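Colleague: everything below, folded, please.
(one chain, ligands or ions: 3)
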Amino acid sequence: MKKRIAVLPGDGIGTEVAEGAMKVLETVASRFGHQFEFAFGKIGGQAIDSKGTPLPDETINLCKESDAVLLGAVGGPKWDKMPPELRPEKGLLGIRKELGLFANLRPVTAFDSLISSSPLKKEVVQDVDLLIVRELTGGIYFGKPSGRKGENRETAVDTLQYERHEIERIVEKAFTFARMRNKKLTSVDKANVLESSRMWREVVDEAAAKNPDIEVEHMLVDAAAMKLISNPKAFDVIVTENMFGDILSDEASMITGSLGMLPSASMRSDGYGLYEPVHGSAPDIAGKNMANPLAMILSSAMMLKYSFGMKEEAEAVEKAVTEVLDAGYRTMDLGSNSSCTLSTEKMIKQVVYQLEEDDATAGILAAYA
Ligand SMILES: NC(=O)c1ccc[n+]([C@@H]2O[C@H](COP(=O)([O-])OP(=O)(O)OC[C@H]3O[C@@H](n4cnc5c(N)ncnc54)[C@H](O)[C@@H]3O)[C@@H](O)[C@H]2O)c1
Ligand SMILES: CC(C)[C@H](C(=O)O)[C@@H](O)C(=O)O
Ligand SMILES: [Mg+2]
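Modeller: Residues are numbered from 1 along each chain as shown. Ligands and ions are numbered 1, 2, ... in the order given. The predicted structure is shown next:
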């Protein structure tokens, strides 16, 4: 299969980890006989510096003309004092909105060999496998008005607004995923305070009545934050609005041991998607060849599965990552076990090597079959 992939490495460790996803995809292409063409675009601080805007039109067009998008990360202290419209994050929010990517899937999987990397107890994290379905193009991130008011700009305004149809489509997606998994859906809101959350609950209840095969529960976001750490195994699929999903997913990353382990897919209904790690540009470790590339690599596996329908290829990538971790290889964020601590580049090489090894083993097994 021939596919064109837009690559937007962005800032900080974004460029380092995007390299990993491309190397892994090249290996997948040669192992499975596909052709992946990478087309590069600028976003975030990188785009501000060279084009004067965090989201140049050519980047939007490049994404629209591609079969899927890979994005590293945006942001950094260099641009933190920029006016709101010229912040790198505006580029990320803009591309999500522009491409209509309303459904952000953030799977949280506890790898057996990383149980001791988590700050939580072994019995709490072992076997956790949950999916956060985060609404991505509405809510307080996009509400109008927003900004400063008053003679001395002493009033700051952010507006939390949701249209019913925006809630309906994300809730429908969440039911679909719950059906494909363990048929349990937890809707997280703040219905004891927010009107948008009360409408959210109404929509979920209506959908629950139409989908009686799915067990549905409502949970307030503060309690959900607590439960995610005390008993994450109680969750299967979590559906929630934009900002709650942002916060809960970083929290949930600690179940896996590191923010550097969480991949994500930002999708619309036709299967088109942008694939990005949950983490940011990590200015504290950027340029040091220390970042964990696995969240980005696992995001590329999500791309293979969800946008290209390449399930076997996606599973091969996930298997290679699991094997590398089982063999004891770690990046710094997963806890320093000196002899097996790898740089970003070496971790990428290890995953590529494992993918090639698995291919050779599959070839040998086929010859004997
Ligand atoms: N999707 C995105 O592009 C995205 C997401 C989150 C934050 N950001 C931006 O990134 C910048 C930094 O934000 P932040 O520091 O709050 O969040 P961050 O996710 O960049 O980093 C938080 C902490 O996690 C560590 N970390 C993150 N990813 C890692 C990886 N792959 N390997 C090892 N350690 C990793 C960092 O070193 C840091 O200590 C900000 O400008 C923010 O707006 C961008
Ligand atoms: C950088 C920021 C705009 C972004 C978000 O809040 O959506 C990030 O935190 C994420 O989780 O993808
Ligand atoms: Mg976030």
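Colleague: spit out the contact partners of the spatially most central residue of the chain.
Modeller: Central residue of the chain (C-alpha atoms, centre = their mean): Ser264, 2.0 Å from the mean position. When contacts are counted by C-beta atoms under 8 Å, 6 or more residues apart in numbering, Ser264 touches Asn104, Leu105, Arg106, Ser249, Tyr275, Glu276, Pro277, Val278, Ser299, Met302. Yep, even glycine has a C-beta here, placed from its N, CA and C like the rest.
Colleague: can you check Asp246 too?
Modeller: Arg134 are the contacts of Asp246 under C-beta under 8 Å, 6+ apart.
Colleague: one more time with 10 Å, if that's ok
Modeller: Contacts here follow C-beta atoms under 10 Å, 6 or more residues apart in numbering; on that basis Asp246 touches Asn104, Arg106, Ile132, Arg134, Leu136, Gly139, Tyr141, Thr240, Val278.
Colleague: tell me which element it is part of?
Modeller: Using DSSP states H and E, Asp246 sits in helix 242-256.
Colleague: that helix vs ligand 2: in contact?
Modeller: Yes. Between helix 242-256 and ligand 2, judged by C-beta under 6 Å from any ligand atom, the touching residues are Asp246.
Colleague: about what we covered before: phi and psi next, for the residue nearest to the centre of the chain.
Modeller: Main-chain dihedrals, Ser264, degrees, to the nearest 10: phi -150, psi 160.
Colleague: and the contacts of Ser264, which are buried?
Modeller: With burial judged by 16 or more other C-beta atoms under 10 Å, the buried subset of the contacts of Ser264 is Asn104, Leu105, Arg106, Ser249, Tyr275, Glu276, Pro277, Val278, Ser299, Met302.
Colleague: which of those sits closest to ligand 2?
Modeller: Val278 (5.7 Å; C-beta to the nearest ligand atom).
Colleague: that's a strand at that closest one, yeah?
Modeller: No. Under DSSP: H, G, I helix; E, B strand; the rest coil, Val278 falls outside any strand and is assigned coil.
Colleague: so does the helix holding Asp246 get close to ligand 1?
Modeller: No. Shown here: helix 242-256 not in contact with ligand 1 (C-beta under 6 Å from any ligand atom), separated by at least 7.3 Å.
Colleague: report whether stretch 257-270 contacts ligand 2.
Modeller: No. Using C-beta under 6 Å from any ligand atom, stretch 257-270 stays clear of ligand 2, with a minimum separation of 7.3 Å.
Colleague: thought Lys90 was touching Ser146?
Modeller: No. Lys90 lies out of contact with Ser146 (C-beta atoms under 10 Å); the separation is 11.9 Å.
Colleague: looking at the two, which is more packed in?
Modeller: The neighbour comparison of Lys90 against Ser146 (other C-beta atoms under 10 Å) goes to Lys90, with 21 against 13.
Colleague: ok so, going back, quick check: buried residues in the helix holding Asp246?
Modeller: So for helix 242-256, counting by 16+ other C-beta under 10 Å, buried means 242-246, 248-249, 251-256.
Colleague: can I get those in CSV including pLDDT?
Modeller: Below are the buried residues of helix 242-256 laid out as CSV (pLDDT from 0 to 100):
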residue, pLDDT
Asn242, 98
Met243, 98
Phe244, 99
Gly245, 98
Asp246, 98
Leu248, 98
Ser249, 98
Glu251, 98
Ala252, 98
Ser253, 98
Met254, 98
Ile255, 98
Thr256, 98
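Colleague: nearest to ligand 2 among these?
Modeller: Of all the buried residues of helix 242-256, ligand 2 sits closest to Asp246, with 4.2 Å by C-beta to the nearest ligand atom.
Colleague: and the residue lying closest to Cys340 once chain neighbours are set aside, what are its phi and psi?
Modeller: Nearest in space to Cys340, with sequence neighbours left out and distances taken as C-beta to C-beta, 6 or more residues apart in numbering, is Gly328 at 4.4 Å. Here is the backbone geometry of Gly328 (degrees, to the nearest 10): phi 100, psi 0.
Colleague: got a pLDDT number for Gly328?
Modeller: Gly328 is assigned 94 on the pLDDT scale.
Colleague: tell me which residues in the helix or strand that contains Phe38 are buried?
Modeller: Assessed by DSSP H and E, Phe38 sits inside strand 35-40. By 16+ other C-beta under 10 Å, the buried positions in strand 35-40 come out as Phe36, Phe38.
Colleague: name the nearest residue to Ser264, ignoring sequence neighbours.
Modeller: Nearest non-adjacent residue to Ser264, counting by C-beta to C-beta, 6+ apart: Arg106, 4.7 Å away.
Colleague: report the strands that pair with whatever helix or strand that neighbour lives in, each with its relative direction.
Modeller: Using DSSP H and E, Arg106 sits in strand 103-109. Using DSSP bridges, the strands paired with strand 103-109 in its sheet are strand 129-135 (antiparallel), strand 265-267 (antiparallel).
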